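Asks: next come a sequence and a model predicted from it.
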Amino acid sequence: LIIRDPVLYLGRCLVFLVSNMIFAFVYWNARYFTQDQAFNKVWISVWFVAVPSNMGVVAVYALNDEFKSILRETKNGMVSPTSYILAKTILVIPIMFIFAIVALGIPGFLVQDFPGSAFGRAIGLWASLIYVFECAAECFAVLFDDPILGMMQFMNLWFGAFLFGGFLIPLRDMYWPFELFYYIFPYSYYVRSFVYTIFIDAEWEACTESTGTSVCVDSTDGKDVLAGLKNIFPLLETDNQIAKDVG
């Protein structure tokens, strides 16, 4: 797949790396585990996946062209739909993990100094969310004959996922039917578990005197910092919700 269409996969790898490096340097002070940077750490966690997931719009165009080619090959008896879907699924999932390593390896774990013990869980969470948007891109690529219409619908989906992710508008401030989007879209599950993963394994600098920061607790435990930050982001949890959120 990478050799057949380098722009679709290698091109996005490069964009993920460059965009996340920019965010990593913009949020340079967030690399320190001081409680005045807890708020910024939540946002760097969001931006590290927001732009890459948005790049699925490029995939809609490329996959639309691929789908038309597969239709022609199917009609000519060169390939069966079942074998194509099976091969596509098996090959795409490892690429999502490659995307995650490229997007988080240097920007997150080198520049932003994420805890090394969180590497596996962070990669798994990031890859899971990107896979959701990759599947959405494939869906829109097939659903619309005109790839531009598919790209527009993908952007609608991405914007809705971002808006109703729980970190901009708390769930308690949403009303039906908008509250339904909070549960349908994947951002809330990703942010809750990713922030937990980064915070819980780190040793924080205790805060004994508040200087107007968003969080100030006299503790070095990431769970206590999360509890303080939960007053600002009710989405966050101090308990491990990773299995539930991925599921």
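Replies: Structure received.

Asks: check this structure and tell me which residue is nearest its centre.
Replies: Closest to where the C-alpha atoms of the chain average out (Cα atoms, centre = their mean) is Val49, at 3.5 Å.

Asks: surely that one touches Tyr190?
Replies: Yes: when contacts are counted by Cβ atoms under 8 Å, Val49 is listed as touching Tyr190 (6.5 Å). Backbone N, C-alpha and C define where each C-beta goes, glycine included.

Asks: anything in contact with each of the two?
Replies: In terms of Cβ atoms under 8 Å, 6 or more residues apart in numbering, Val49 and Tyr190 are both contacted by the residues Trp126, Leu129.

Asks: thinking again about what came up before, for the residue nearest to the centre of the chain, pull up the helix or strand it's in.
Replies: helix 38-54 (DSSP states H and E).

Asks: just list what that helix packs against, helices and strands only.
Replies: Under the contact criterion of 3 or more Cβ pairs under 8 Å, 6 or more residues apart in numbering; DSSP states H and E, helix 38-54 touches helix 12-26, helix 81-106, helix 119-143, helix 147-163, helix 187-200, helix 222-229.

Asks: closest one to Lys41 among those helices?
Replies: helix 187-200 (6.6 Å; Cβ to Cβ).

Asks: could you find the closest non-adjacent residue to Phe178?
Replies: Once flanking residues are discounted, Phe178 sits nearest to Phe164: 6.6 Å by Cβ to Cβ, 6 or more residues apart in numbering.

Asks: residues in contact with that neighbour?
Replies: Per Cβ under 8 Å, 6+ apart, neighbours of Phe164: Met174, Phe178, Phe181, Tyr182, Phe185, Tyr187, Ser188.

Asks: at 10 Å what do you get?
Replies: Neighbour list for Phe164: Leu171, Met174, Phe178, Glu179, Leu180, Phe181, Tyr182, Tyr183, Ile184, Phe185, Tyr187, Ser188 [criterion: Cβ atoms under 10 Å, 6 or more residues apart in numbering].

Asks: what about this protein, any weak spots by pLDDT?
Replies: For the chain, applying pLDDT under 70 flags the ranges 1-7, 210-213.

Asks: surely Ser188 is in contact with Leu163?
Replies: No: applying Cβ atoms under 10 Å, one finds Ser188 not in contact with Leu163, separated by 11.2 Å.

Asks: and the two? Which one has more around it.
Replies: Taking neighbours as other Cβ atoms under 10 Å, Ser188 and Leu163 compare with Ser188 leading, 20 against 14.

Asks: Thr197 reaches Leu104, doesn't it?
Replies: No: at 11.1 Å, Thr197 and Leu104 do not qualify as touching, with contact defined as Cβ under 10 Å.

Asks: ok, those two, which is more surrounded?
Replies: The residue with more neighbours, out of Thr197 and Leu104, is Leu104; 28 against 24, by other Cβ under 10 Å.

Asks: what sits against the more buried one?
Replies: 16-17, 20, 24, 48-49, 52, 110, 112, 114, 118-119, 122-123, 125-127, 194.

Asks: against Ser83, how distant is the residue in the chain sticking out farthest from the centre?
Replies: Note on the chain: the largest C-alpha distance from the chain mean falls to Asn76, namely 38.8 Å (Cα atoms, centre = their mean). Look at Asn76 and Ser83: by Cβ to Cβ, to the nearest Å, they are 14 Å apart.

Asks: ok, now Ile44?
Replies: On the measure of Cβ to Cβ, Ile44 and Ser83 end up 42 Å apart.
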